[in-house]
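A.B. asks: Pasted the sequence and its predicted model underneath.
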Amino acid sequence: MRLSTVDLQKRLNPEKPKGLPMALTVLIAWLAGGAFTFALAPYGIWPLALVSPAILYALLIADMSGKRAFLIGQAYGTGLWCVGAFWLYTSIHVYGNTPVWLALIMIALMGLGMGLFHGFLALVFNRVVGKQPLSFAALWILQEWLKTWLFTGFPWLFVGYAFTEQYWLSSLAPVAGVFAVSFVAVLIAASVVELFRRRAGYMIPSLALLALSTALWLINPQWTKPKGTPDLSVSLIQGNIPQDLKWLTEYQIETLKIYANLTSTEWDRDLVLWPESSIPMFQTEAVGFISEMVKMAKETNTTWVTGIPYKDETAFDASVDKYPPFYNSVIALGAEGEGLYKKQRLVPFGEYIPFEGILDILPNLAGSQEIMSYSRGSDKQAPLRVRGHNLGAAICYEVAYPETTRKNAIGTDFLLTISNDAWFGTSAGPLQHLQMVQMRALENGRWFMRATNTGVTAIIDHKGHIVERAPQFERTVLRGEVQARVGNTPFMRFGQYPILFIMTLLLILSYLGKRKAKQVRAVTQTTKS
């Protein structure tokens, strides 16, 4: 093999690595990831959603090995999740009775696992595509999308959520969803870094997209329109049942009394909504109580919608099954109310034991899947019927999935989500959860009712504005009115596919551009030698 003079000089006098020491770089990346959390609710310092990705981009654009790039991305992602999802500590330690040291280790392991998404983002950015803002932002969106389905998904901490109430940017949500908002934000962040490097040309696509989103905000297109029917008077019941008592058998009757008493003054409303599992037993075990509530609802011309564990005995075949399937569900009863929705997106280890059969090798989990696991509802369920309207439902955690909520919203007039965020105490978790519901309302152009056990109970309009909100950790009733709307936003029509297609196309073009540039350099170097 023939070596050029330049190659010989490099081998005889190898250059020392440029840039910051590795340990300092990793620390900066970790801090940048952790700082992003404060862009989200309840802090709302949205500029951090630009600064944080910009720091990661700045750390990655230098020439470096794939290993170094991966470690930087991994550090960023670990910081993001250890700080951003630290609210899990409350459920693990306080309600799970896990020792402090073990709970912290579990949070750290979760951060390392989820950090892999950014680790591989950095690796691909360093080795596969051209190092420029468009490819960086496209990779960012693909890793956010992967979090919505890979290993059942954990779709949390998306950049776009920081701009939920910044309508000059979130006006893109009804067009292409939260991923479009994330894309523009990350593209702006990376382009600003290039501006400091005197490469202003990268600002052109950023400014064009920013102009588009701002124009949409100013024009304020009405993607959906009022149905033309009277607004529904609604009462959302917040029982504030302590999590350590909620599922105790001896507290079940007290729980039912609390909800019945809170509702006693609300029976003349169009709709009364109770939270997730507010009836803490199967419908077969609460027949008398349910019958009494339905009687009250019909006598006062009120629709009653409640969360309840539902045992489907009609699907039980004793010759094949050990137990009937059961679901985390919401049911509509009373006057002009009918329908049952079964939760589709279940929480691993919280609502079901994953890896069915494989975990039988563990003595404590052998055969536990059938006993401990909720069944998964179909992804093709009819909406609930309430007062002549179609009502789309989402239970707790599944409202974090943009595509699931979109499908549930099609053909509906308004939406509801019920939840029990008592697991997370006074942490940021419930407030981040509420912010996601605001984004879902904006994406689908529908009003949202959110009834929770301890908060945040709220009514949200089709633009993502919080119209009414109950205080957290109080036993109370939130009253308001909800507007039925019809029509589809572009996001409802096409979902996430357009934005994913554009991201994929950008990455292919970036890969081809890098490959072409590499070939040109090789030819040039051969010619010189």
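C.D. replies: Yes, it's here.

A.B. asks: Residue 274 is in contact with residue 237, isn't it?
C.D. replies: Yes - the pair residue 274 / residue 237 is scored as a contact, 5.1 Å apart, by CB atoms under 8 Å. Where C-beta positions appear, they are placed from N, C-alpha and C, glycine not excepted.

A.B. asks: Surely residue 281 and residue 307 touch.
C.D. replies: No - counting by CB under 8 Å, residue 281 stays clear of residue 307, with 11.9 Å between them.

A.B. asks: Compare these two (neighbour count), which wins?
C.D. replies: Neighbours per residue (other CB atoms under 10 Å) separate residue 281 from residue 307, with residue 307 holding more: 29 against 18.

A.B. asks: For the more buried one, report the pLDDT, please.
C.D. replies: pLDDT, residue 307: 96.

A.B. asks: likewise residue 498?
C.D. replies: The per-residue pLDDT reported for residue 498 equals 97.

A.B. asks: Check residue 463 too.
C.D. replies: Per-residue pLDDT puts residue 463 at 97.

A.B. asks: Show me the common contact partners of residue 274 and residue 237, please.
C.D. replies: 259, 263, 451 (CB atoms under 8 Å, 6 or more residues apart in numbering).

A.B. asks: what's the first-to-last distance across stretch 462-471?
C.D. replies: One end of stretch 462-471 to the other measures 22 Å (CA to CA, to the nearest Å).

A.B. asks: Please pull out the lowest mean pLDDT helix or strand from the protein.
C.D. replies: Here the helix or strand of the chain ranked lowest by mean pLDDT, DSSP states H and E is helix 368-372, holding a mean of 46.

A.B. asks: Now do the next helix or strand after that one: distance to the chain's middle.
C.D. replies: Where DSSP states H and E defines the elements, the next helix or strand beyond helix 368-372 is strand 384-386. The chain centre lies 25 Å from the centre of strand 384-386; the measure is CA atoms, centre = their mean, to the nearest Å.

A.B. asks: just checking, what packs against strand 384-386?
C.D. replies: Here strand 384-386 touches strand 303-311, strand 326-334, strand 337-338, strand 389-395, going by 3 or more CB pairs under 8 Å, 6 or more residues apart in numbering; DSSP states H and E.

A.B. asks: all helices of the stretch 1-150 of the chain, in order?
C.D. replies: Remark: helices assigned in the stretch 1-150 of the chain by DSSP state H, counting those that start in this stretch are 5-12, 22-35, 48-60, 66-84, 88-89, 100-127, 133-146.

A.B. asks: Tell me which residues are up against the third one.
C.D. replies: Same thing as helix 48-60. 25, 28-29, 32-33, 35-36, 38-40, 69, 72-73, 76, 118, 122, 125-126, 131, 133, 136, 140, 159, 162-163, 185-186, 188-190, 192-193.

A.B. asks: What's the mean pLDDT across it?
C.D. replies: 98.

A.B. asks: for the stretch 151-300 of the chain, what spans make up the strands?
C.D. replies: 225-226, 232-238, 271-273 (DSSP state E, counting those that start in this stretch).

A.B. asks: got the contact list for the last one?
C.D. replies: If you take CB under 8 Å, 6+ apart as the criterion, strand 271-273 is touched by 232-237, 263, 266, 297, 302-306, 386-387, 416, 418, 449, 451, 482.

A.B. asks: Give me the sheet partners of that strand and which way each runs.
C.D. replies: Sheet pairing of strand 271-273 (DSSP bridges) gives strand 232-238 (parallel), strand 303-311 (parallel).

A.B. asks: What residues does the residue nearest the centre of the chain make contact with?
C.D. replies: By CA atoms, centre = their mean, the mean C-alpha position of the chain lies nearest to residue 400, the distance being 3.1 Å. Contacts for residue 400 (CB under 8 Å, 6+ apart) come out as 155, 156, 433, 436.

A.B. asks: ok, the nearest residue to residue 398 once chain neighbours are set aside - how many residues close by?
C.D. replies: Nearest non-adjacent residue to residue 398, counting by CB to CB, 6 or more residues apart in numbering: residue 345, 3.5 Å away. Per other CB under 10 Å, the neighbour tally for residue 345 reads 23.

A.B. asks: And residue 257, how far from residue 289?
C.D. replies: Computed with CB to CB, to the nearest Å, the distance linking residue 257 and residue 289 is 10 Å.

A.B. asks: I appreciate the help and will end here.
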